[in-house]
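>>> give me the fold of what follows.
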Amino acid sequence: MATVHLPSGLTQHTGGVDEITIDAPRVRELMLALAERFPGLAGQLERMAVAIDGDIYQDAPYHKLTSTSEVYLVPRIAGGKR
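Sure thing, here's the model as predicted:
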């Protein structure tokens, strides 16, 4: 089961839970499971990037997870070159 770490800004939707383990083969299923368990997160999750085992991904719905994956949800970085 992957361990998911939630930023403090999301814990208002989880009743204060900031870490949870979820059995999911990919990021997509992990996000669906989070939204099912905590419906208030549904609109928030699409604005988050994920850091998986130390690597940050802006969009990684099909990235595979392992039973030892450490997943951190982080706000997406906006901006860029003009």
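>>> please count neighbours and contacts with C-alpha atoms only from this point.
Noted.
>>> centre-most residue in the protein?
Leu73 (4.0 Å; C-alpha atoms, centre = their mean).
>>> quick one: list the elements packing against the helix ranked longest in the chain.
Ranked by residue count under DSSP state H, the longest helix found in the chain is helix 27-37. Counting contacts by 3 or more C-alpha pairs under 8 Å, 6 or more residues apart in numbering; DSSP states H and E, helix 27-37 packs against helix 42-45.
>>> relative to helix 27-37, how tilted is whichever helix or strand comes after the helix it packs on?
Scanning the chain past helix 42-45 towards its C-terminal end, the next helix or strand to appear is strand 48-52 (assignment: DSSP states H and E). If you take axes from the mean of the first three to the mean of the last three C-alpha atoms, to 10 degrees, strand 48-52 sits at 120 degrees to helix 27-37.
>>> can you name the secondary structure element that comes next after strand 48-52?
Tracing the chain C-terminally past strand 48-52 and defining elements by DSSP H and E, one meets strand 55-57 next.
>>> okay, now the sheet partners of that following strand, with direction.
Sheet pairing here is set by DSSP bridges, and for strand 55-57 it gives strand 48-52 (antiparallel).
>>> list the beta-bridge partners for Val4.
Applying DSSP bridges to Val4 gives these bridge partners: Ile20, Val71.
>>> ok, now how distant is Ala24 from Gln12?
23 Å (C-alpha to C-alpha, to the nearest Å).
>>> okay, those two: which has more neighbours?
Taking neighbours as other C-alpha atoms under 10 Å, Ala24 and Gln12 compare with Ala24 leading, 18 against 12.
>>> three-state assignment of the more buried one?
coil (DSSP: H, G, I helix; E, B strand; the rest coil).
>>> contacting residues around it?
Counting by C-alpha atoms under 8 Å, 6 or more residues apart in numbering, Ala24 touches 1-2, 30, 33, 65.
>>> now Met31
Going by C-alpha under 8 Å, 6+ apart, Met31 touches Leu45.
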